[in-house]
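Asker: build me a model from this:
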Amino acid sequence: MGSSNWSTDAYHARQAYNASVGSSGFGYTDNVASSLPRDQWKVHPSLDPHGVTVRESRDSDAHPNSLAISVLFDVTGSMGRVPRGLQAKLPDLFGLLLRKGYVADPQILFGGIGDATCDRAPLQVGQFESGNELEDDLDRILLEGGGGGQATESYELAMYFMARHTAMDCLDKRGRRGYLFIIGDEMAYGAVKAREVRDVIGDDIGENIPFPVILAELRRRFEVFFVMPTGSHYFHDDRVRGFWDTHMGQNVIYLDDLDAVCETIAVTVGLGEEAIDLQEGLEDLAEAGSDAGDAVGKALAPIAASRGSVVVAPALDRLAADGGGADGTGTGGGVNRL
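Answerer: Below is the predicted model of the structure:
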């Protein structure tokens, strides 16, 4: 995957077509909702994680220096606007990453997260793509709108998949971790449950994995960020904030503008790749005509202010560089000072 190229013209042509036929741009959700009772809803086959060996981000002749960027978003009721905002802002994301030279060869994966205790589609995972195929993955995501109403969703199950079912040349060839952004507003469950892994992903792991352990494993492969946008149900909930602050420290991004997710992701990656500093990133947003600068600047100021030059640590010796223990509970975050 990931051998094609992004075309903004093709994106706008598709959007115009969708508008002309009255499509929301999430065709699979529209079709399922209009044709099946809710208890028969299921993940689109191309996004079903069950039995998947790996999702791959690989170098190619067209993209010899691939960088894996994963964006997994909560698709439960409280976060329903996020995927639509991502779809609308794809040109901004690619525009900053490519035209501004933040990343030479970004390969982006989209996925959806629900609640494995009650949802029909608790985990959906697309492919790493370099081009407009990303729109196909978004179109196929089931916006189930469920969730359990207990201030928890199955973020830990998604972390397990990304830790054990991804293969990336940026890591394998160059020792550089990918980026993983989880967009949500609730807590993870306290452990990856063996039963849910077996049912949803198809692995037999034998026993539950405590949340700090799977997070530590994930951080060896990805720079991990949790993005909590305003307007979400639990944005001001101290329990939820405390959970993520404890486990991820400054890699929790509190975002005052729900529609600024794409810009926040792009600038965060630009910082991590040392392509820009924060002020340069905000200037790039203004030049691109974005009004998200204030929200992005506020959200990312703690990272920029506390760490100076923000760089990606090598994958090896990750936990030592992170300042955390073997259980992964250190709050040093996923981006490190030199």
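Asker: on the three-state scheme, the spatially most central residue of the chain is what?
Answerer: In the chain, the centroid-proximal residue (Cα atoms, centre = their mean) is V71; its distance is 1.9 Å. For V71, the secondary structure call by DSSP: H, G, I helix; E, B strand; the rest coil comes out as strand.
Asker: which ones are touching it?
Answerer: By Cβ atoms under 8 Å, 6 or more residues apart in numbering, the contact list for V71 reads L86, I108, L109, F110, G111, F181, I183, I265. Backbone N, C-alpha and C define where each C-beta goes, glycine included.
Asker: what about the helices in the chain?
Answerer: 8-21, 27-35, 81-88, 90-94, 133-140, 155-164, 169-172, 194-196, 211-219, 238-248, 261-272, 278-287, 293-307, 318-322 (DSSP state H).
Asker: minimum distance to G51: which of the ones you listed has it?
Answerer: Closest approach to G51 among the helices of the chain is made by helix 155-164 (11.8 Å; Cβ to Cβ).
Asker: give the other helices and strands that the closest one contacts.
Answerer: Contact here means 3 or more Cβ pairs under 8 Å, 6 or more residues apart in numbering; DSSP states H and E; on that basis helix 155-164 packs against strand 66-74, strand 105-113, strand 123-125, strand 178-183, strand 187-188, strand 191-192, helix 211-219, strand 222-229.
Asker: what does the third one rub up against?
Answerer: Judged by Cβ under 8 Å, 6+ apart, the contacts made with strand 123-125 from elsewhere in the structure are 43-44, 47-49, 52, 55, 72, 75, 109, 111-114, 116, 141-142, 154, 157-158, 161, 165, 200-201.
Asker: show the pLDDT at the residue lying closest to R198 once chain neighbours are set aside.
Answerer: In space, and not counting its chain neighbours, R198 is closest to D204: 5.8 Å by Cβ to Cβ, 6 or more residues apart in numbering. Turning to D204, the model gives it a pLDDT of 96.
Asker: name the residues of stretch 277-288 that are buried.
Answerer: L278, G281, L282, D284, L285, A288 (16 or more other Cβ atoms under 10 Å).
Asker: just to revisit the earlier point, the residue nearest to the centre of the chain and R177, how far apart?
Answerer: Distance of V71 to R177, given as Cβ to Cβ, to the nearest Å: 15 Å.
Asker: contacting residues for G126?
Answerer: G126 makes contact with S46, L47, R55, L109, F110, G111, L134, D137, L138, R140, I141, according to Cβ under 8 Å, 6+ apart.
Asker: so the third one is in contact with F128, correct?
Answerer: Just to be clear, that refers to R55. Yes: assessed by Cβ atoms under 8 Å, R55 is found in contact with F128 at 6.1 Å.
Asker: who has more neighbours, these two?
Answerer: F128 (27 against 21; other Cβ atoms under 10 Å).
Asker: residue contacts, that one?
Answerer: 1-2, 55-58, 66, 68, 70, 107-109, 168.
Asker: count the neighbours of the nearest residue to E217 once chain neighbours are set aside for me.
Answerer: In space, E217 comes closest to A163 once its chain neighbours are excluded; the distance is 4.7 Å by Cβ to Cβ, 6+ apart. Look at A163: counted by other Cβ under 10 Å, it has 21 neighbours.
Asker: wait, A163 sits on A216?
Answerer: No: using Cβ under 8 Å, A163 makes no contact with A216, being 9.3 Å away.
Asker: contacting residues around the closest residue to L90 other than its chain neighbours?
Answerer: Leaving out its chain neighbours, the residue that sits closest to L90 by Cβ to Cβ, 6+ apart is Y11, at 6.2 Å. Applying Cβ under 8 Å, 6+ apart to Y11 gives the contacts L90, P91, N132, E135.
Asker: ok, the second one - how many residues close by?
Answerer: I take that to be P91. The tally of other residues near P91 (other Cβ under 10 Å) stands at 17.
Asker: distance from the chain centre to stretch 67-77, please.
Answerer: Here stretch 67-77 is found 3 Å from its chain centre; the criterion is Cα atoms, centre = their mean, to the nearest Å.
Asker: still on that earlier bit, next, format the helices and strands packed on helix 155-164 as TSV and append distance to T29 and mean pLDDT.
Answerer: Formatted as TSV, the helices and strands packed on helix 155-164 follow (distance: least, Cβ to Cβ, whole Å; pLDDT from 0 to 100):
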stretch	distance to T29	mean pLDDT
strand 66-74	14	95
strand 105-113	10	94
strand 123-125	11	97
strand 178-183	18	97
strand 187-188	25	96
strand 191-192	27	98
helix 211-219	28	98
strand 222-229	20	95
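Asker: could you redo these as JSON lines and give each row distance to V82?
Answerer: Shown next, in JSON lines, are those (distance: least, Cβ to Cβ, whole Å):
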{"stretch": "strand 66-74", "distance to V82": "5"}
{"stretch": "strand 105-113", "distance to V82": "10"}
{"stretch": "strand 123-125", "distance to V82": "14"}
{"stretch": "strand 178-183", "distance to V82": "5"}
{"stretch": "strand 187-188", "distance to V82": "17"}
{"stretch": "strand 191-192", "distance to V82": "23"}
{"stretch": "helix 211-219", "distance to V82": "21"}
{"stretch": "strand 222-229", "distance to V82": "7"}
